Each structure stands twice: as C-alpha cells, then as structure tokens.
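Asks: fold the stuff below for me.
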Amino acid sequence: MFMTDICVECAVRDQSLCGSLTDAELIALNSLGRRQTVARGETVIWAGDESIVCANLLAGVLKLSASTADGREQIVGLLYPADFVGRPYAEKSDFTVTALTDAELCVFPRKPFERVLEDHVRMERMLLQRTFSALEEARGRMLMLARNSAEEKIAGFLLGMADRAGSAGCRATASGPLTFDLPLTRGQIADVLGLTIETVSRQLTKLKAAGLIALPGARGVTIRDRAALQAKAEPA
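Replies: From the prediction side, this is the model:
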C-alpha cells in the first residue's frame with residue numbers, strides 16, 4: 001500500500017497525529033479526510049453545537065474560546081499547525097474554534113473517525129497521549145497565570161510565539177534575530193494572559209526599551225536577545 005499524494009505533500013505530517021501511522025492506518029484515515037481552507041475570523045466550530053467534525057490543523061492559528069456569564073469572550077487556548085482540533089466521543093462542542101489567521105485543515109467526520117480509532121488501537125492510543133499532553137500544557141498555563149508577574153508572562157508568551165513561528169519567521173542571517181507576526185491583537189494577548197491591554201502595551205514597550213525585542217509594524221516582533229528574554233520569563 002502506498003500513501004496518497006495529499007499525505008506525502010502534507011507539511012505537518014511528521015508532527016501531527018498521522019506522523020507515526022503505518023501506511024495502512026494512514027490510508028484508512030485518509031479515506032475520510034478532506035482539505036478545508038478557513039479565512040481569518042471564520043468560525044470552524046461553535047460551542048454547544050453538535051460535534052460533527054475533527055481535524056488536523058495544517059497551517060495557521062486557531063483560538064479556543066468560551067463565553068462568560070455576561071457575554072464576554074474568554075480565550076482558553078490556541079491551536080497551531082500539527083495540533084488536533086475537536087473532541088472524539090463528545091456529542092457537543094465545549095468551545096468555539098475560530099481562525100486567528102487564514103488556516104487550512106484536514107477534516108474528518110467525527111463518527112467515522114471514531115470507528116477508525118476503534119479499528120486501529122495504536123492510533124487511538126496516540127490521540128490519548130496527545131490529549132494528556134494538552135492537559136498538562138493547560139495545567140502549566142494555569143500555574144503560570146497564578147504565579148508569574150506581568151513581565152514574566154509577556155516574555156514567556158513571546159518566546160512561545162517565536163518557537164511556534166519556526167520557519168514562518170524571518171531571519172536576515174541563519175543566526176540573526178527572528179522576526180515574526182503575532183496572530184493575536186494586544187487585547188487578545190491580554191485575554192490569554194489575564195492582563196489588561198495597558199499592561200501588555202507597557203510591558204512590550206519596556207522590553208523594547210531594554211533592547212530585548214523590536215516591534216516592527218502593528219503585530220511584528222523581533223527577538224533581539226533571546227537569552228535575556230528567557231531570563232525575564234523565569235520567575236524570580
């Protein structure tokens with residue numbers, strides 16, 4: 001058996017759920033999948049709706065959000081290329097999933113996807129491992145929000161964004177400073193980190209004045225001194 005061209009060309013195959021599948025498992029999964037492009041600002045899944053699809057995120061950034069009792073949006077997580085979208089075995093969607101940038105997904109109908117998992121135990125185990133990893137990440141984020149200062153939160157957030165930017169970022173030389181665009185507005189960053197917009201702006205300006213970062217454009221960030229920024233991110 002051979003992999004289909006669409007899987008061979010997939011930029012995140014090695015990092016996604018598909019990365020450790022055998023050819024037979026990949027063919028079984030690919031028989032269900034279809035590519036879907038999503039425009040920035042478009043909602044993929046609405047909280048409370050019937051859970052119809054699951055997906056691998058191929059490109060772009062998505063946000064997970066919930067509505068508070070007074071109707072405000074609370075961002076509870078971000079999804080990046082190679083992350084899994086949706087929740088198998090759940091009848092309803094817990095969170096709204098919206099594109100922060102133009103995005104591309106490999107989408108699977110949920111119930112047929114569940115049947116493939118049941119027929120391929122190793123794939124089911126891999127998804128469970130990813131779920132545990134996401135849970136650990138969420139716990140780490142809760143700890144960070146509880147104990148870190150505003151400066152530590154912003155520094156850590158920028159380092160995380162830089163790591164996620166990867167090849168999408170730009171360097172003048174191989175070892176030069178990394179420049180990338182933030183997928184979130186400052187208001188959204190404040191929401192994610194439990195800060196005010198004013199505090200986010202003040203901390204970014206402070207890091208810029210210290211020479212650790214530059215801020216080219218409305219959302220552009222250049223990491224000028226990663227080691228110093230890493231030191232700022234570590235709790236005192």
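
Asks: which phi and psi does the spatially most central residue of the chain have?
Replies: In the chain, the C-alpha nearest the mean C-alpha coordinate belongs to residue 79, at 2.2 Å (CA atoms, centre = their mean). Torsion angles at residue 79 (phi, psi; degrees, to the nearest 10) stand at phi -120, psi 140.

Asks: same question, the one 4 residues further on
Replies: Note on residue 83: backbone dihedrals following degrees, to the nearest 10 are phi -80, psi 160.

Asks: surely it meets residue 57?
Replies: Yes: with the criterion set as CB atoms under 8 Å, residue 83 and residue 57 qualify as a contacting pair; they are 5.0 Å apart. Backbone N, C-alpha and C define where each C-beta goes, glycine included.

Asks: for this protein, which segments count as strands?
Replies: Under the criterion DSSP state E, the chain contains strands at 34-38, 43-45, 53-59, 62-67, 73-79, 84-85, 96-99, 103-109, 178-181, 213-214, 220-223.

Asks: residue 66 versus the closest residue to residue 87 other than its chain neighbours, what's the distance?
Replies: Take residue 87 and drop its neighbours on the chain: the residue closest to it by CB to CB, 6 or more residues apart in numbering is residue 51, 6.3 Å away. To residue 66, residue 51 is 15 Å away according to CB to CB, to the nearest Å.

Asks: give the residue spans of this structure that score low on pLDDT.
Replies: Low-confidence segments of the chain (pLDDT under 70): 1-9, 11, 13-14, 20, 166-175.

Asks: 80 instead, please
Replies: 1-29, 120-123, 138, 140-146, 165-176, 236 (pLDDT under 80).

Asks: would you list every one of the helices in it?
Replies: The residue ranges that make up the helices of the chain, judged by DSSP state H, are 5-8, 23-30, 110-119, 121-147, 150-165, 186-193, 197-209, 226-233.

Asks: please point out which parts of stretch 81-90 sit buried.
Replies: Neighbour-count burial for stretch 81-90, with 16 or more other CB atoms under 10 Å as criterion, is recorded at 81, 82, 83, 84, 85, 86, 87, 88.

Asks: quick one: the second one and residue 12 touch, right?
Replies: Yes: under the criterion of CB under 8 Å, residue 82 makes contact with residue 12 at 4.1 Å.

Asks: any shared contact partners between those two?
Replies: Where contact means CB atoms under 8 Å, 6 or more residues apart in numbering, the residues bridging residue 82 and residue 12 through contact with each are 56, 57.

Asks: if we can go back for a sec, who's the residue nearest to the centre of the chain bridged to?
Replies: Beta-bridge pairing of residue 79 under DSSP bridges involves residue 62.

Asks: and it, what does it touch?
Replies: Residues 57, 61, 62, 63, 64, 85, 97 are the ones in contact with residue 79 under the rule CB under 8 Å, 6+ apart.

Asks: check contacts around residue 103.
Replies: Contact analysis of residue 103 by CB under 8 Å, 6+ apart lists 37, 38, 40, 57, 58, 59, 60, 61, 62.
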